[in-house]
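Asker: have a look; sequence and predicted model below, questions after that.
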Amino acid sequence: MADHPAPSVYETDALIAEDIDAYLDTHQHKTMLRFITCGSVDDGKSTLIGRLLYDSKMIFEDQLDALSADSKRVGTQGQEIDFALLVDGLAAEREQGITIDVAYRFFTTEKRKFIVADCPGHEQYTRNMVTGASTADLAVILVDARKGVLVQTRRHSYLCQLIGIRNVVLAVNKMDLVDYDQQVFDSIVADYAAFARSIGIESFTAIPISGFKGDNITPKADGAPSANTPWYRGPSLVEHLESVEVLSQIEADKPFRLPVQWVNRPNLDFRGFAGLIAGGSVKPGAAVRVLPGGRTSTVARVVTMDGDLDEAVAGQSVTLTLADEVDCSRGSVIAAADAPPEVADQFEATIVWLADDDLSVGRGYWLKLGTQTVSATVQQPKYRVDVNTMDQLAAKTLGLNDIGVAEVFADKPLVFEPYDKSRTLGGFILVDKITNATVAAGMLKFSLRRSQNVHWQATDIGREHHASLKNQQPRVLWFTGLSGSGKSTIANEVEKRLALMNRHTFLLDGDNVRHGLNKDLGFTEADRIENIRRVGEVAKLMTDAGLIVLTAFISPFRAERAMVREMLADHEFVEIFVDTPLEVAEARDVKGLYRKARSGALKNFTGIDSPYEPPEAPEITVNTVAMTAEEAAEHIVRHILPLK
Ligand SMILES: Nc1ncnc2c1ncn2[C@@H]1O[C@H](COP(=O)(O)OS(=O)(=O)O)[C@@H](OP(=O)(O)O)[C@H]1O
Ligand SMILES: Nc1ncnc2c1ncn2[C@@H]1O[C@H](COP(=O)(O)OP(=O)(O)O)[C@@H](O)[C@H]1O
């Protein structure tokens, strides 16, 4: 430990106590580098991070005392301080059974502030890495000098490249255990260089280090490398971390982009658009274009909490006012007029699946991209990538930690840029509409041209006109329930009653639609989702035509029923749960299908080996054990057309 003096936490403490403003000021003007460390526990990751924290004097005194006591007691390094204990000790939550996926640690040197995301390498590596790496400027890929480039080194590097980390440090660690042998280092670097090229990593910086002994971690006073590696001419790890260009510096040179977070309208005289500048810079007088609409205007003022600015750059939060009244709200993007981002609703994207439940192809998820939220579906993946071999494999869906490429269809146009141009406007997450959990992270590759050639056709006779000619309020009476529950029977009874009341109706029945429009579909999850999507679209067109539509489909999934509800106007969707217990439906077995399913001759049968998710808050429930089909129909008609 001779060349690493004890940290002067006392000096820092004194400055904080004496002049907190001066202390904060010294920090405020430093740039911030976010980085991620990749490697497994055995590669010495914890030791390295511990040493960075220790050498940068960001450990508090009481932690230091505890650390040296613990090192002597349980450490694996004799009388020396075991830095791994520091990191693992800080993550004591883990021992209490609380899973922390990514631990962020803060430290600072004279030149720069740092946030390091430490992602546990073993379990759930993809999910953790994607979370930790999504905002990182740089990745430190640790390799054990005794083991060289391993499968996991490749996997981590691939993920870093995918997530768009352009600064990669290959830290060849534990050099002390190979006698600081240059040949060992050179051959690992050559190995890695060949692999890096193959996955598109253009350059990287290799540094021979020992996290344990401290070689080439922090700069020495004379600027020389560690005496143990006289053959190494490059910078120490910290010097390198201090000198690379951070993302906000890179983003500042790009065309201007401000994703609007909210519209600030304190009074009628002020209308400002607030957000964090994602790219470029802006000045009063700048020509801008507001997307997705595309109208142009000029920036009037650049307003902040501390007054107006002459210029603001990427990384700053500002409020812009514009010279003209333009359509601009949360989710809009204000961009340089002559270099705007693209607008599209169909894309090819790389998707990293983060949820335990598989991707449901064709299901609507919330897609959040910057400040924009739309509903979107993912098509069957073109392939998924084996992250150990980089092979492209056929895939019907994506499971936890899978990475794949698929087409994504949004229900509204998105303002976007390819991910390799802009992380902010090219990176998105998918959120489950029912559980609200984040299920995937994605990176837009490019838009599909076809979406730009399809336009809405405006017609003169609209849906109100159709409805008023029929003198009725269009509705969708959506029957859902098990096979044999009574959907078709009751829907038929309801339709007869409505016809007697001169209502204009149409009944879409599962069995019939599956013989025509949907005869290409079977009963897999994806096919059922597509079945309901199409039926939903047809039902919607029929409401546009002014009809009361009755649908009788099992429609087993809440998500798709919710999707159809969303497609329609308020109160137009009436969910009717035909509540028949499985035993009852099975005892009826009108078509003999339950018997077949029980015998194994029919697979994926709802209620047997395919799930049915009952509605949670249907408008109407009919219990077919307590009511006859006629009674159920009466009940429904009264509900939708109350007797006056
Ligand atoms: N595996 C399997 N699971 C469920 N049902 C099956 C299956 N295979 C064939 N059938 C027959 O298809 C009818 C259900 O079609 P749906 O379009 O309503 O199903 S779904 O909404 O897409 O789940 C259903 O009709 P109903 O009995 O009227 O519900 C069945 O007769
Ligand atoms: N209360 C009831 N409501 C509806 N159907 C009933 C009822 N009681 C018995 N049934 C019988 O159950 C069967 C339901 O079949 P069906 O309407 O085709 O169901 P689904 O369309 O849900 O598959 C019919 O044979 C019907 O006569």
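Answerer: Now that the structure is in, tell me what you want to look at. Ligands and ions are numbered 1, 2, ... in the order given.
Asker: please save the CA atoms from stretch 386-393 in CSV.
Answerer: Output in CSV follows, covering the C-alpha atoms of stretch 386-393 (Å, rounded to 0.1, in the frame of the first residue of the first chain):
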residue,chain,number,x,y,z
ASP,A,386,-27.3,-16.0,-29.5
VAL,A,387,-25.3,-13.6,-27.3
ASN,A,388,-22.5,-16.1,-26.8
THR,A,389,-21.8,-16.9,-30.5
MET,A,390,-23.6,-13.9,-32.2
ASP,A,391,-25.4,-16.4,-34.4
GLN,A,392,-28.9,-15.4,-35.7
LEU,A,393,-31.5,-18.0,-34.7
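Asker: hmm, who's touching the helix or strand where residue 116 lies?
Answerer: Taking DSSP states H and E as the definition, residue 116 sits inside strand 112-118. For strand 112-118, the external contacting residues (CB atoms under 8 Å, 6 or more residues apart in numbering) are 27, 30-37, 45-46, 49, 52, 56, 87, 102-108, 131-133, 136, 241-242. For every residue, glycine as well, the C-beta is placed using N, CA and C.
Asker: buried subset of the residues you listed, written for PyMOL?
Answerer: In PyMOL, this line selects whichever of those come out buried by 16 or more other CB atoms under 10 Å:
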select buried, resi 32+33+34+35+36+37+45+46+49+52+56+87+102+103+105+107+108+131+132+133+136+241+242
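Asker: in strands, which of the contacts of strand 112-118 fall?
Answerer: 31-37, 103-108 (DSSP state E).
Asker: hmm, which of those is lowest in pLDDT?
Answerer: The lowest pLDDT within these belongs to residue 103, with 68.
Asker: what about the closest residue to residue 484 other than its chain neighbours, which SS state?
Answerer: Counting by CB to CB, 6 or more residues apart in numbering, residue 484 lies nearest to residue 585, which is 4.0 Å off, once chain neighbours are set aside. Assigned with DSSP: H, G, I helix; E, B strand; the rest coil, residue 585 falls in the helix class.
Asker: where's residue 585 relative to residue 636, distance?
Answerer: 19 Å (CB to CB, to the nearest Å).
Asker: more neighbours, these two?
Answerer: residue 636 (24 against 21; other CB atoms under 10 Å).
Asker: contacting residues for the residue nearest to that one when sequence neighbours are not counted?
Answerer: In space, and not counting its chain neighbours, residue 636 is closest to residue 494: 5.3 Å by CB to CB, 6+ apart. Residues near residue 494 by CB under 8 Å, 6+ apart: 477, 550, 633, 636, 637.
Asker: a helix runs through residue 494, doesn't it?
Answerer: Yes - residue state for residue 494 (three-state DSSP) corresponds to a helix.
Asker: so what pLDDT did it get?
Answerer: 97.
Asker: could you measure from it over to residue 569?
Answerer: The value you get for residue 494 to residue 569, if CB to CB is used, is 21 Å.
Asker: what do you get for residue 299?
Answerer: 38 Å.
Asker: measure how the strand holding residue 116 sits relative to strand 103-108, angle-wise.
Answerer: 160 degrees (axes from the mean of the first three to the mean of the last three CA atoms, to 10 degrees).
Asker: quick one: strands adjacent to strand 112-118?
Answerer: If you go by DSSP bridges, strand 112-118 pairs up with strand 31-38 (parallel), strand 103-108 (antiparallel).
Asker: how about these in JSON lines, adding distance to residue 522?
Answerer: Listed next are the strands paired with strand 112-118 as JSON lines, based on distance: least, CB to CB, whole Å:
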{"stretch": "strand 31-38", "distance to residue 522": "42"}
{"stretch": "strand 103-108", "distance to residue 522": "46"}
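Asker: I'd like these written out as a markdown table, with distance to ligand 1 added.
Answerer: Output for these, formatted as a markdown table (distance: least, CB to the nearest ligand atom, whole Å):
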| stretch | distance to ligand 1 |
| --- | --- |
| strand 31-38 | 43 |
| strand 103-108 | 44 |
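Asker: can you name the element that comes right after the helix or strand encompassing residue 154?
Answerer: Here residue 154 sits within helix 151-163, counting by DSSP H and E. Counting by DSSP H and E, the next helix or strand C-terminal to helix 151-163 is strand 167-173.
Asker: the helix or strand just after that next one packs against which elements?
Answerer: Next helix or strand after strand 167-173 toward the C-terminus (DSSP H and E): helix 182-198. The helices and strands touching helix 182-198, judged by 3 or more CB pairs under 8 Å, 6 or more residues apart in numbering; DSSP states H and E, are helix 151-163, strand 167-173, strand 205-208.
Asker: identify the neighbouring strands of the second one in the sheet and state each direction.
Answerer: Okay, so that is strand 167-173. Applying DSSP bridges, one finds strand 167-173 paired with strand 138-144 (parallel), strand 205-208 (parallel).
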